[in-house]
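In: Structure of the sequence below:
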Amino acid sequence: MEFGLVRNIFVVDSMVFGFEYQPFQTICFDRNIMAYQVEVPRSAQATELVDAEKLVDYTSYYTISSKSQTSK
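Out: Numbers count the residues shown, from 1 in each chain. Reported below is the predicted structural model:
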C-alpha cells in the first residue's frame, strides 16, 4: 500500500486533474490495531505530482500517532 499527504489539488475545467503529494513509506501492517504503519518523511522532502485518473483509491484516512510510529 502507498500513502501520502496531499499538498495541493489541481482542478481544470471543474474536474480534478491531479494531486501534489508527499509520499509516506509503508512499514508494515499491524494486525493488533488493524492498520498500516507508515513513516512520515521530513517536511523538506520533495513532493510529487500524480494524475487523478491513475489513483486506485483516494479515500481519506485518519492518522493515529504513537511515539515514533504513525498508523493509517
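In: going forward, measure contacts and count neighbours with C-alpha atoms only.
Out: Fine.
In: which residues of this protein fall in strands?
Out: 3-12, 15-30, 35-39, 48-51, 64-66, 69-71 (DSSP state E).
In: D57 is nearest to which of these?
Out: Closest to D57 of these, according to Cα to Cα: strand 3-12, at 10.1 Å.
In: Any buried residues in that closest one, and which?
Out: F3, G4, V6 (16 or more other Cα atoms under 10 Å).
In: quick one: which of those is nearest to F19?
Out: Nearest member of the buried residues of strand 3-12 to F19, counting by Cα to Cα, is V6, at 6.5 Å.
In: My read is that the closest one contacts G18, right?
Out: No. Applying Cα atoms under 8 Å, one finds V6 not in contact with G18, separated by 10.2 Å.
In: Now do the residue with the largest distance to the centre of the chain, the pLDDT please.
Out: Most distant from the centre of the chain: D13, at 25.1 Å, with distances by Cα atoms, centre = their mean. Listed pLDDT for D13 reads 82.
In: returning to that earlier point: least reliable of the strands of the chain by average pLDDT, please.
Out: Lowest mean pLDDT of these: strand 69-71, a mean of 57.
In: what's the spacing between the residue farthest from the centre of the chain and F24?
Out: The spacing between D13 and F24, counted by Cα to Cα, to the nearest Å, is 30 Å.
In: Torsion angles phi and psi at E2?
Out: phi -120, psi 140 (degrees, to the nearest 10).
In: I'd assumed T26 was in contact with it.
Out: Yes. The criterion here is Cα under 8 Å, and E2 meets it with T26 at 6.4 Å.
In: more crowded one of these two?
Out: Neighbour count, other Cα atoms under 10 Å: between E2 and T26, T26 has more, with 18 against 9.
In: In this structure R7 contacts Q22, no?
Out: Yes. At 7.1 Å, R7 counts as touching Q22 under the criterion of Cα under 8 Å.
In: ok, back up a step: closest to I33 out of the buried residues of strand 3-12?
Out: Nearest member of these to I33, counting by Cα to Cα, is F3, at 17.4 Å.
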